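Colleague: following is a predicted model, sequence given first.
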Amino acid sequence: MSTSPVSIASGTSAGAAGGSVIDVSTLVSQLVAATQAPQEALIQNQTQSVTSEISAVGQLKGALSTFQSSLSSLDTPSAFGSLSATSSDTAAFSATANSGATLGSYSVSVSQLAQAQQIVSSTAYSSGSTAVGTGTLQLSLGSSSFSISITSGNDTLSGIAAAINSASGNPGIEASVVTGTSGAHLVLTSSLTGAANSIAVAETDSGNGLSALTYGSGSSNYTQQTAAQDASFSIAGISYTSASNTVTDALSGVTLSLLATTTSPATLTVADNTTAIESNIQAFVSAYNTLQSGLAQLGGYDATTNTAGPLMGNAALTGAQSQIRAALYNVVDTGSSTYNTLASIGITSNSDGSLSVNTATLSAALTSNFSALSNLFSGTGGVASGLNTVLGNELASGGPIDSLSQTLVKQNNALTQQSQKLNQQMSVLQASLTQQYSSLNALLSQLQSTSSYLTQAFATLPNAPKGTSG
């Protein structure tokens, strides 16, 4: 039984006598692919695994770094230096305190608030556009003064007000025109409170074109609506005056905002800012729970999807988790046998590893022994300070996570080189096989041609003579 020769495309030994026998291009491609496929699949699987781990390590670094940042409000004693200042009469004054304040309670009485002066011109003009006169006015507010020039272009009440408001060097005199049933009046208001910040107006051009708008001691050209005056108050029975209702220098570390006079003394209390600290502790717990959830995804196992985290069983991850748990549940020398663990202040662990806060227990701890709670977080061996040290070591250059990252990068680079080397090897193999099968194809074509020739030659031979019997 004979078979027909296989025709092949150009690029093989096509053109040999009798045609080609082997499809060299297809055969070589299949042989190379069969050799390359298993090795390439292995490299790709390993690369995918390493790439996944590199990404996971990046997530691990980010999660630990974010959690470490959340410790800044608890990991040093100064973080617990926040003080609060409260008023028993918030209608009379409010207060804030900084770290320079001293704990204590103080009696505060406010007899007078600071005021800014306001004066209204006595002369009423028919309107704001009525001509007043020309000249030069010098206006003063306390020890500061400035001048305006009034000409025929701005000699109206409105023009004068505009010139005052836009004048260079104006320390804080605001001018406006108010029109009533009697006519238009110029109103001058100081933006600065205090008895020293009184308004004065003088004409300095040696004329009297603007004399009706001058104002000084004993002048009747303006009616004073509000007098320039200082605030007057006392703290712990000690009298004090201030040009402003915001007072920063009467009680060290405390800023008072005077709002109204008092009929009886109010109480100013400076105390530890337990509200802020409690909020910081709640934020710490929330940050830890976020970290715990992230680490569980990286190193846990999802039974529902039968999927393992990319760092499941990884020593760097399990080591970090172990170090964090040790610092978190450490018994701290706080100076108190009552408050020396997180559990003792109401922070307990759930079955999934997250934390919960009993706010009532935490508030009681803050109120009864603020110092012990401060030491629990920020003291030597404290929870927050200890965690900060652990995380610093874990994230440091040359630390466990950095070493793992470098190892994975090296593995990834090695796999890339393996892939490149495999491609080079396959190129060499393809060239070698192409040469071998092309030579074989040429030989087979020659044999095929010879066979065809012989077949044709035998077909033309004369029949052999039949033998005769003797």
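Modeller: Arrived safely.
Colleague: and the protein, what are its domain boundaries?
Modeller: 17-82+273-450, 83-114+231-272, 118-226 (automatic domain parsing).
Colleague: can you say which of those domains is nearest to residue 461?
Modeller: Closest approach to residue 461 among these (Cβ to Cβ): domain 17-82+273-450, 17.0 Å. For glycine as for every other residue, the C-beta is placed from the backbone atoms N, C-alpha and C.
Colleague: for that closest one, what does the pLDDT average out to?
Modeller: Here domain 17-82+273-450 scores 90 as its mean pLDDT.
Colleague: quick one, what contacts residue 88?
Modeller: By Cβ atoms under 8 Å, 6 or more residues apart in numbering, the contact set of residue 88 is 266-269.
Colleague: could you dump those to a markdown table with distance to residue 183 and pLDDT?
Modeller: Putting the contacts of residue 88 into a markdown table (distance: Cβ to Cβ, whole Å; pLDDT from 0 to 100) gives the following:
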| residue | distance to residue 183 | pLDDT |
| --- | --- | --- |
| 266 | 45 | 97 |
| 267 | 51 | 97 |
| 268 | 49 | 97 |
| 269 | 53 | 96 |
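Colleague: so what's the residue count around residue 381?
Modeller: 15 (other Cβ atoms under 10 Å).
Colleague: same check on residue 385?
Modeller: 22.
Colleague: then it would be within a helix, right?
Modeller: Yes: assessed by DSSP: H, G, I helix; E, B strand; the rest coil, residue 385 belongs to a helix.
Colleague: excluding its backbone neighbours, what's nearest it?
Modeller: residue 75 (4.7 Å; Cβ to Cβ, 6 or more residues apart in numbering).
Colleague: that neighbour and residue 66, how far apart?
Modeller: Counting by Cβ to Cβ, to the nearest Å, the separation of residue 75 from residue 66 is 15 Å.
Colleague: tell me which of those two has more neighbours.
Modeller: residue 75 (21 against 13).
Colleague: contacts only, for that one.
Modeller: By Cβ under 8 Å, 6+ apart, the contact list for residue 75 reads 377-378, 382, 384-385, 387-388.
Colleague: of those residues - the most surrounded one?
Modeller: Ranking these using other Cβ under 10 Å puts residue 377 first, with 28 neighbours.
Colleague: how near is that one to residue 443?
Modeller: Plainly put, residue 377 is 87 Å away from residue 443 if you go by Cβ to Cβ.
Colleague: now swap in residue 292 and tell me
Modeller: Residue 292 is 72 Å from residue 443, where distance means Cβ to Cβ.
Colleague: okay, these two: which has more neighbours?
Modeller: Between residue 292 and residue 443, counted using other Cβ under 10 Å, the more crowded position is residue 292 (22 against 13).
Colleague: quick revisit: reformat the contacts of residue 75 into TSV and put distance to residue 358 next to each item.
Modeller: Converted to TSV, the contacts of residue 75 look like this (distance: Cβ to Cβ, whole Å):
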residue	distance to residue 358
377	17
378	21
382	20
384	19
385	23
387	21
388	25
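Colleague: OK, contacts around the residue lying closest to residue 371 once chain neighbours are set aside?
Modeller: Counting by Cβ to Cβ, 6+ apart, residue 335 is the residue found nearest to residue 371 once chain neighbours are left out, at 6.9 Å. By Cβ under 8 Å, 6+ apart, the residues touching residue 335 are 371-372, 375.
Colleague: what is the burial count for residue 189?
Modeller: Neighbours of residue 189 (other Cβ under 10 Å): 17.
Colleague: and it, its phi and psi?
Modeller: phi -130, psi 130 (degrees, to the nearest 10).
Colleague: contacting residues around it?
Modeller: With Cβ under 8 Å, 6+ apart, residue 189 has these contacts: 116-118, 173-176.
Colleague: quick check, central residue of the protein?
Modeller: residue 66 (10.0 Å; Cα atoms, centre = their mean).
Colleague: rewinding a little: so which of the contacts of residue 75 comes closest to residue 229?
Modeller: Nearest to residue 229 among the contacts of residue 75: residue 378, at 46.7 Å, using Cβ to Cβ.
Colleague: tell me who's in contact with that closest one.
Modeller: Residue 378 neighbours (Cβ under 8 Å, 6+ apart): 74-77, 79-80, 384-385.
Colleague: please redo it, this time with the cut-off set to 6 Å
Modeller: Neighbouring residues of residue 378 by Cβ atoms under 6 Å, 6 or more residues apart in numbering: 75-77, 384-385.
Colleague: now do residue 294
Modeller: residue 63 are the contacts of residue 294 under Cβ under 6 Å, 6+ apart.
Colleague: where does it land in three-state SS?
Modeller: Classification of residue 294 using three-state DSSP returns helix.
Colleague: mind checking how far residue 405 is from residue 138?
Modeller: As judged by Cβ to Cβ, residue 405 and residue 138 stand 73 Å apart.
Colleague: out of these two, which sits in the busier spot?
Modeller: It is residue 405, of residue 405 and residue 138, that has more neighbours when counted by other Cβ under 10 Å, with 18 against 15.
Colleague: neighbours around the spatially closest residue to the more buried one that is not a sequence neighbour, how many?
Modeller: With sequence-adjacent residues excluded and distances taken as Cβ to Cβ, 6+ apart, residue 405 is closest to residue 57, at 5.0 Å. For residue 57, the neighbour count with other Cβ under 10 Å is 24.
Colleague: now do the SS call for residue 57.
Modeller: Residue 57 - assigned by three-state DSSP - is helix.
Colleague: how about stretch 110-130 as CSV, C-alpha atoms only?
Modeller: The C-alpha trace of stretch 110-130 is given here as CSV (Å, rounded to 0.1, in the frame of the first residue of the first chain):
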residue,chain,number,x,y,z
VAL,A,110,-16.3,89.0,84.9
SER,A,111,-17.4,92.5,85.7
GLN,A,112,-16.8,94.1,82.3
LEU,A,113,-16.2,93.1,78.7
ALA,A,114,-13.7,94.7,76.3
GLN,A,115,-15.4,96.9,73.8
ALA,A,116,-14.5,98.7,70.5
GLN,A,117,-15.4,102.4,70.2
GLN,A,118,-18.1,103.6,67.8
ILE,A,119,-18.9,107.2,67.2
VAL,A,120,-21.7,108.9,65.0
SER,A,121,-21.4,112.3,63.5
SER,A,122,-23.8,114.8,65.1
THR,A,123,-24.3,116.8,61.9
ALA,A,124,-26.9,115.2,59.6
TYR,A,125,-26.5,115.7,55.9
SER,A,126,-29.3,115.5,53.4
SER,A,127,-27.7,112.4,51.8
GLY,A,128,-24.5,110.5,51.5
SER,A,129,-23.8,112.3,48.2
THR,A,130,-24.1,115.8,49.8
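Colleague: where along the chain do the helices fall?
Modeller: Ranges of helices within the chain are 24-70, 157-166, 274-299, 315-328, 359-368, 370-378, 383-395, 400-460, based on DSSP state H.
Colleague: now the fifth one: buried residues?
Modeller: Judged by neighbour count (16 or more other Cβ atoms under 10 Å), helix 359-368 contains these buried residues: 361-362, 365-366.
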